[in-house]
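> This is the structure alone, sequence omitted:
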Ligand SMILES: [Fe+2]
Ligand SMILES: [Fe+2]
């Protein structure tokens, strides 16, 4: 206990030396830019050998890469163990706002940045494409619902959170950073990097303690998981909570923190990920057409209003 307190004090002192307010909180043109970067890192296996539309990518690489890199620099620098605990205390009270689900989607769509020529989709379109692809493959209806709501936590941006505290690959804090995390070199600026315990392989955790005991970097995944905890079956909750945990579900870098249940449940996380990344569909049915199905689905599982 005393060690924990000392670590926390030491960390706060370090944290005082870094000040996120001095940085640009929005290096990405919009939140989708992070997802495009993930897609470049983990391209659709079914499209790898097809002709890539090179000009499309070239434009993205020239204009966006610096922003993405800067985004990760900030994310890795400021997502400390203490920051994560602080954000959990702040947001998991859910005392910011109360909205019907459909209002929340409208709210989320305010995130669209019209000035970006690359943004062809609003947030709602991405959610519908994900959920429709899941539905077309005949998966359970709660998984369709997960597709629909998995990015709802991005409303954090509208509560004034910087991009690096809303999106980005998530990773455990309080133990050593894996070099399988994107841009691992940026962790050297994180105050936790100077903390011996936090840079130990297990850190504050024990071997195979289970991911529920582990704090991941703060963002839209953890937030929406807590929001939905009472309403969705457990495999769906795993999909929500770990969908950006690429260093585990793609790279298996933190298997030593997982217990048997996590292994069982990560089969579902792995099932979900391609729908999130590869479900772009140019022939998407219109919202008007899909509305009755989704209204019934939301009413089946979720309360009339959600607390944010
Ligand atoms: Fe997401
Ligand atoms: Fe997504």
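Thanks, I have it. Since this is a predicted model, take the numbers as computed values, not measurements. Ligands and ions are numbered 1, 2, ... in the order given.

> which ones are touching the residue of the stretch 101-250 of the chain found nearest ligand 2?
Of all residues in the stretch 101-250 of the chain, the one sitting closest to ligand 2 is residue 151 (4.4 Å; C-beta to the ion). Where you see a C-beta, it was placed from the backbone N, CA and C, and this is true even at glycine. Residues counted as contacts of residue 151 (C-beta atoms under 8 Å, 6 or more residues apart in numbering) are 108, 123, 126-127, 220, 224.

> List only buried entries from those.
Listed as buried from the contacts of residue 151 are 108, 123, 126-127, 220, 224; burial here means 16 or more other C-beta atoms under 10 Å.

> so which of the residues you listed comes closest to residue 188?
residue 220 (25.9 Å; C-beta to C-beta).

> so what's the closest one closest to, chain neighbours aside?
Spatially, and ignoring its direct neighbours in sequence, residue 220 is nearest to residue 153 (3.1 Å; C-beta to C-beta, 6 or more residues apart in numbering).

> Then residue 46?
Going by C-beta to C-beta, 6+ apart, residue 46 has residue 278 as its nearest residue, at 7.6 Å.

> can you check residue 200 too?
Excluding the flanking residues, the one nearest residue 200 by C-beta to C-beta, 6+ apart is residue 176, at 6.2 Å.

> host element of the one you found?
Secondary structure assignment for residue 176, by DSSP states H and E: no helix or strand.

> quick one: it and residue 197 touch, right?
No: using C-beta atoms under 8 Å, residue 176 is not in contact with residue 197, being 10.0 Å away.

> hey, what's in contact with both of the two?
By C-beta under 8 Å, 6+ apart, residue 176 and residue 197 have these common neighbours: residue 203.

> mind showing which ranges of the stretch 51-200 of the chain have poor pLDDT?
51-64, 112-121 (pLDDT under 70).

> Which parts of it are strands?
98-100 (DSSP state E, counting those that start in this stretch).

> Contact residues of it facing ligand 2?
residue 151 (C-beta under 5 Å from the ion).

> again, 6 Å this time
126, 150-151 (C-beta under 6 Å from the ion).

> Just give the number of residues close to the residue nearest to residue 131 when sequence neighbours are not counted.
Closest residue to residue 131 apart from its sequence neighbours, by C-beta to C-beta, 6+ apart: residue 147 at 3.3 Å. Neighbour count for residue 147, taken as other C-beta atoms under 10 Å: 25.

> Taking the contacts of residue 151, tell me the two that lie furthest apart.
126 and 224, at 14.1 Å, using C-beta to C-beta across those.

> so what pLDDT did the closest residue to residue 78 other than its chain neighbours get?
Closest residue to residue 78 apart from its sequence neighbours, by C-beta to C-beta, 6+ apart: residue 20 at 5.1 Å. We note a pLDDT of 91 for residue 20 in this prediction.
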